[in-house]
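Undergrad: structural data only, the sequence is not supplied:
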């Protein structure tokens with residue numbers, strides 16, 4: 001295998017070489033190599049000319065051979081607890097957008113919130129010399145579970161779930177602002193007097209932070225806190241629907257509910273829609289404002305966190321950790337209310 005990443009000759013047929021592209025344009029072979037490695041050291045005009053000529057000649061850069069030479073991979077691991085979660089899908093779009101612009105490729109791996117599987121995936125990424133990692137840690141993760149990856153030096157960014165004692169870059173939503181905005185909207189705008197925080201695992205740091213601020217604001221407004229409706233549960237539409245249906249069968253709901261996520265709000269909205277027709281109204285507010293939330297019936301009101309931009313921020317923070325140039329903000333977007341029908345605004 002050629003150490004410069006060029007294609008080898010097989011069956012005696014001469015393949016197009018990097019030197020052929022350089023000679024055709026009157027450039028040095030080193031310049032063409034920089035273009036193929038997506039280096040920022042070449043101008044856009046030169047980059048475009050090289051790529052066009054390479055396409056015309058049929059030259060294909062052998063990335064695998066180049067990786068062996070540089071001991072570097074262009075793969076970034078996006079290690080998530082649930083790849084079926086639409087929040088993860090939107091975050092991944094933002095991560096891929098930023099990293100793709102510099103020639104990095106994103107591979108999504110699913111831990112199903114298991115620390116043993118998470119450890120296996122992270123070790124594999126280290127072993128394959130991945131360029132970096134973005135991960136939402138498994139729920140029961142501790143600092144010890146990230147000790148190996150810290151020692152490896154692999155650039156790693158933690159997303160959404162904070163872990164005490166882990167000295168790695170962290171990108172998260174403003175949990176205090178989310179809780180405060182949710183309380184203000186339900187109590188001040190809609191006049192809710194009995195409220196709850198519905199859903200989320202008790203180990204999830206976002207639930208802890210959001211509910212703490214939300215409940216404090218509820219207490220300051222002299223509204224009633226519904227502890228039964230605020231017990232933790234798995235943050236999926238199915239789990240939320242089953243719990244809400246049970247609670248609705250036992251009595252009327254609170255008049256205002258802040259859901260742990262839009263995913264949870266979907267389940268609650270379904271239970272309310274299929275429940276008793278003359279039941280007391282309940283203002284439902286989700287968190288995240290996923291793309292599909294506006295398409296629900298009723299459309300889901302939400303504290304928007306802009307998951308796609310959150311993914312872009314993760315990508316930029318990772319690039320900075322890798323020592324690469326960064327364009328754009330590395331600060332997560334501020335949450336804001338996107339009011340729709342589920343809370344009674346439209």
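TA: Nice, I can see it. Bear in mind that the values here come from a model prediction, so they are computed numbers and not experimental data.
Undergrad: how far does stretch 145-152 sit from the chain's center?
TA: Here stretch 145-152 is found 21 Å from its chain centre; the criterion is C-alpha atoms, centre = their mean, to the nearest Å.
Undergrad: now do the buried residues in that stretch.
TA: Going by neighbour count (16 or more other C-beta atoms under 10 Å), the buried part of stretch 145-152 is 145, 146, 149, 152. The way it works is simple: take the backbone N, C-alpha and C, and place the C-beta from them, glycine included.
Undergrad: report pLDDT for the last one.
TA: At residue 152 the predicted local confidence, pLDDT, stands at 88.
Undergrad: ok, residue 309 - contacts?
TA: 94, 332, 333 (C-beta atoms under 8 Å, 6 or more residues apart in numbering).
Undergrad: and which of these is nearest residue 284?
TA: residue 333 (22.7 Å; C-beta to C-beta).
Undergrad: which of the helices or strands spans that closest one?
TA: Following DSSP states H and E, one finds residue 333 outside all helices and strands.
Undergrad: contact partners for it?
TA: Applying C-beta under 8 Å, 6+ apart, the residues near residue 333 are 305, 306, 309, 310, 313.
Undergrad: need the residues you listed in TSV with pLDDT and distance to residue 28, can you?
TA: TSV is the format used below for the contacts of residue 333 (pLDDT from 0 to 100; distance: C-beta to C-beta, whole Å):
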residue	pLDDT	distance to residue 28
305	97	48
306	97	44
309	97	40
310	97	42
313	98	38
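Undergrad: give me the most central residue, this protein.
TA: Nearest to the geometric centre of the chain sits residue 91, at 3.1 Å (C-alpha atoms, centre = their mean).
Undergrad: ok so it is a helix residue?
TA: Yes. Secondary structure of residue 91 (DSSP: H, G, I helix; E, B strand; the rest coil): part of a helix.
Undergrad: in the stretch 1-150 of the chain, where is pLDDT below threshold?
TA: 1-14, 61-72 (pLDDT under 70).
Undergrad: now do the strands in it.
TA: 75-80, 105-110, 132-135 (DSSP state E, counting those that start in this stretch).
Undergrad: which parts of the last one are buried?
TA: Buried residues in strand 132-135, defined by neighbour count with 16+ other C-beta under 10 Å: 132, 133, 134, 135.
Undergrad: between those, which is closest to residue 323?
TA: Closest approach to residue 323 among these (C-beta to C-beta): residue 132, at 10.8 Å.
Undergrad: which residues does the closest one contact?
TA: Going by C-beta under 8 Å, 6+ apart, residue 132 touches 76, 77, 104, 154, 155, 156, 157, 318, 321, 322.
Undergrad: residue 54 now?
TA: By C-beta under 8 Å, 6+ apart, residue 54 lies in contact with 21, 32, 36, 60, 61.
Undergrad: from what I can see the third one touches residue 17, true?
TA: If I follow you right, that is residue 36. No. Under the criterion of C-beta atoms under 8 Å, residue 36 makes no contact with residue 17, lying 11.9 Å away.
Undergrad: the more surrounded of these two?
TA: Remark: of residue 36 and residue 17, residue 36 carries more neighbours, 24 against 18, as counted by other C-beta atoms under 10 Å.
Undergrad: with residue 21 as the reference, measure out to the more buried one.
TA: To residue 21, residue 36 is 9 Å away according to C-beta to C-beta, to the nearest Å.
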